[in-house]
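Asker: structure, please.
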Amino acid sequence: MSVIFGFHEADRITIVGDKRECNFNTNEYNDNSQKVFVIHEKLCIAIAGNIAISSAINIEINNYKTQIDRLLTTTDLTNLIKKFYERLIEKSPSLLRYSFCCIYGGIDENGKTSLICGTRRSQGYIFNRISEYIFPPADVDANECKKILEKNYNKLRGDFPKNILQEVYAKSKVVSSCGDKWVFDIQKGQGTLTRI
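Answerer: The predicted structure is shown next:
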């Protein structure tokens with residue numbers, strides 16, 4: 001699993017994911033994988049973990065988008081992923097062994113901004129509202145990644161998303177030096193995806 005992280009500040013939401021996809025059976029990788037998905041200008045999700053689960057979640061999102069006549073919200077995403085895992089537990093519980101985590105942000109059902117992190121557990125999908133969070137790669141300690149995030153975000157600032165990504169990349173074989181960053185300008189109500 002690679003790295004994804006996010007921040008909810010007073011004026012913006014930032015979501016970042018690296019671009020490495022690894023095949024542990026062959027020890028091969030490429031740095032062109034998409035992990036940050038823009039759903040619309042007010043909603044974005046970053047997904048890490050098993051590629052098949054990520055693809056299935058994205059199919060669920062796209063199918064749901066065609067069924068409703070309004071913009072999806074963070075509340076919709078929470079409900080959609082929760083129901084996906086409820087069906088998985090009922091029909092294919094062995095698939096729970098595959099890793100999955102996500103961070104999504106934008107507008108909730110009440111028109112307020114929110115940032116959510118979620119992951120799978122044996123009981124299904126669990127999630128929390130957050131102001132900042134990092135899901136570490138499989139080969140770097142979670143506390144070490146948390147310290148990297150806190151140091152760059154709270155103390156050094158600057159281009160902290162890029163700096164966090166670069167520091168985690170330096171410690172991990174499953175993280176790329178490049179990534180995607182989605183920034184939602186809360187006042188303008190518009191998100192922009194750029195490459196790091």
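
Asker: low-scoring stretches of the chain, by residue?
Answerer: Applying pLDDT under 70 to the chain picks out residues 1, 23-27.

Asker: what ranges do the strands span in it?
Answerer: For the chain, the strands defined by DSSP state E cover 4-8, 12-18, 21-23, 28-30, 36-40, 43-49, 100-107, 113-121, 124-129, 132-135, 179-185, 190-195.

Asker: format those strands as CSV; extra columns: mean neighbour count.
Answerer: Any C-beta I mention is one placed from the backbone N, CA and C, and that applies to glycine too. Listed next are the strands of the chain as CSV, based on neighbours: other C-beta atoms under 10 Å:
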stretch, mean neighbour count
strand 4-8, 25
strand 12-18, 25
strand 21-23, 16
strand 28-30, 12
strand 36-40, 19
strand 43-49, 26
strand 100-107, 26
strand 113-121, 20
strand 124-129, 15
strand 132-135, 21
strand 179-185, 22
strand 190-195, 14
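
Asker: using CSV, please lay out those strands together with distance to Gln67.
Answerer: Converted to CSV, the strands of the chain look like this (distance: least, C-beta to C-beta, whole Å):
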stretch, distance to Gln67
strand 4-8, 27
strand 12-18, 25
strand 21-23, 30
strand 28-30, 33
strand 36-40, 14
strand 43-49, 16
strand 100-107, 19
strand 113-121, 21
strand 124-129, 20
strand 132-135, 29
strand 179-185, 24
strand 190-195, 23
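
Asker: most centrally placed residue in this structure?
Answerer: With distances taken as C-alpha atoms, centre = their mean, the residue of the chain nearest its centroid is Ala46 (2.5 Å).

Asker: check contacts around Phe160.
Answerer: Asn152, Tyr153 (C-beta atoms under 8 Å, 6 or more residues apart in numbering).

Asker: against Phe5, how distant is Asn50?
Answerer: Distance check for Asn50 against Phe5: by C-beta to C-beta, to the nearest Å, it reads 19 Å.

Asker: give the burial count for Val168, as a bare number.
Answerer: 25 (other C-beta atoms under 10 Å).

Asker: am I right that Pro137 is in contact with Val168?
Answerer: Yes - using C-beta atoms under 8 Å, Pro137 is in contact with Val168, at 6.7 Å.

Asker: find residues that contact each of the two.
Answerer: Counting by C-beta under 8 Å, 6+ apart, the common neighbours of Pro137 and Val168 are Val3, Cys145, Val175.

Asker: please narrow those to those residing in helices.
Answerer: Judged by DSSP state H, those include Cys145 as members of helices.

Asker: now the shared contacts of Pro137 and Val168 in CSV, with distance to Asn58?
Answerer: Shown next, in CSV, are the shared contacts of Pro137 and Val168 (distance: C-beta to C-beta, whole Å):
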residue, distance to Asn58
Val3, 19
Cys145, 25
Val175, 21
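
Asker: just the closest of the shared contacts of Pro137 and Val168 to Gly111, please.
Answerer: Val3 (30.6 Å; C-beta to C-beta).
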